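>>> pasted the sequence and its predicted model underneath.
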Amino acid sequence: MKNVLFRKLKMYLNVLSVLKAYIDVWVSSVPFKTEVNHFEANLIAIDKKTQALTGSEGVSENKKQMSRELMDAVLVVCGAGTAYASQINNMELKTRFNFSKSDLRHGNEKDFYHRCVNICKAAEGISDALQAYNLPTDHLQYLMTTAIAFDQLIAAPREVIKAEKSSKEEIEAFYEKCDIQLDERLDNLMLIYKNSQQNFYTEYANARQIGGWHKKKDADQAAVN
């Protein structure tokens, strides 16, 4: 979450805490009660949407981690295959394993996946020979499993990006609703309590300070004077 939104959310929660602490003061006011209930409902919606957004962001990180694991796994096979092909002086075989990281990454993610699968298949036919070149017995199976897992995640981030964009837009809309409720409604409804409920008014004003409530009110007052 952006720092500005984090600070604003903290202000929202502080305001709600003050409002609930003085519920006996305003509960009989239907307009005030309605706005408080809507304000709290919007905060609950922000929390739910934020949690969902945080969860979706993990999908992209999972794909990055799986990509790193796949790269490490395929490089082991490339190393063993290249060394073996060089030893037996088989240049055609060598071309099937002689890849650098940049070579493996060339193209898009699907290209990377297919390249890894082809290297794995090329190694299967000479797996016994490659074991003497530091290739673990179960490494080819691990490479294929990792490649398949990576392939399943390739499309996921694109869907996540769409979901994230939608969630962020919805969250911003709830922030706008909260701002309107505070700036145009609750701030004005609070004026009746400035003298009759000074502690309530002061605590509310302090909670609103981070959102610029004091500055706005001071500016309004200066304009009147």
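That came through, no problem.
>>> after the top helix by length along the chain, which helix or strand is next? Please name it.
Secondary structure of the chain per DSSP state H: the longest helix is helix 30-87. Once helix 30-87 ends, the next helix or strand along the chain (criterion: DSSP states H and E) is helix 91-94.
>>> thinking again about what came up before, give the rounded mean pLDDT of the longest helix of the chain.
Helix 30-87 comes out with an average pLDDT of 89.
>>> what about it, distance to the chain center?
6 Å (C-alpha atoms, centre = their mean, to the nearest Å).
>>> do stretch 175-182 as well
24 Å.
>>> now that stretch: buried residues?
175, 177-178, 181-182 (16 or more other C-beta atoms under 10 Å). In short, each C-beta sits where N, CA and C put it, glycine included.
>>> from those, pick the one nearest V27.
Nearest to V27 out of these is Q181 (C-beta to C-beta; 17.3 Å).
>>> next, the closest one: secondary structure please.
Following DSSP: H, G, I helix; E, B strand; the rest coil, Q181 is assigned to helix.
>>> and the gap between the nearest residue to it once chain neighbours are set aside and K110?
Of all residues not flanking Q181 in the chain, F39 sits nearest, at 5.0 Å (C-beta to C-beta, 6 or more residues apart in numbering). Here the criterion is C-beta to C-beta, to the nearest Å. By it, F39 lies 48 Å from K110.
>>> between those two, which has more neighbouring residues?
Each of F39 and K110 has its neighbours counted (other C-beta atoms under 10 Å); F39 has more, 19 against 11.
>>> tell me who's in contact with that one.
F39 is in contact with 12, 15-16, 19, 178, 181-182, 186, counting by C-beta atoms under 8 Å, 6 or more residues apart in numbering.
>>> restricted to helices, list those residues.
Per DSSP H, the subset of the contacts of F39 in helices is 12, 15-16, 19, 178.
>>> reformat those residues as TSV; add distance to S196 and pLDDT.
Converted to TSV, the ones in helices among the contacts of F39 look like this (distance: C-beta to C-beta, whole Å; pLDDT from 0 to 100):
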residue	distance to S196	pLDDT
Y12	25	95
V15	19	96
L16	21	96
L19	16	97
C178	26	95
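>>> quick check: of these, which lies closest to S86?
Proximity of these to S86, judged by C-beta to C-beta, is greatest for Y12, which lies at 65.5 Å.
>>> who touches the closest one in this structure?
Here Y12 is in contact with 39, 43, 46, 178, 182 (C-beta under 8 Å, 6+ apart).
>>> can we see that at 7 Å?
Taking C-beta atoms under 7 Å, 6 or more residues apart in numbering, we find Y12 in contact with 43, 178.
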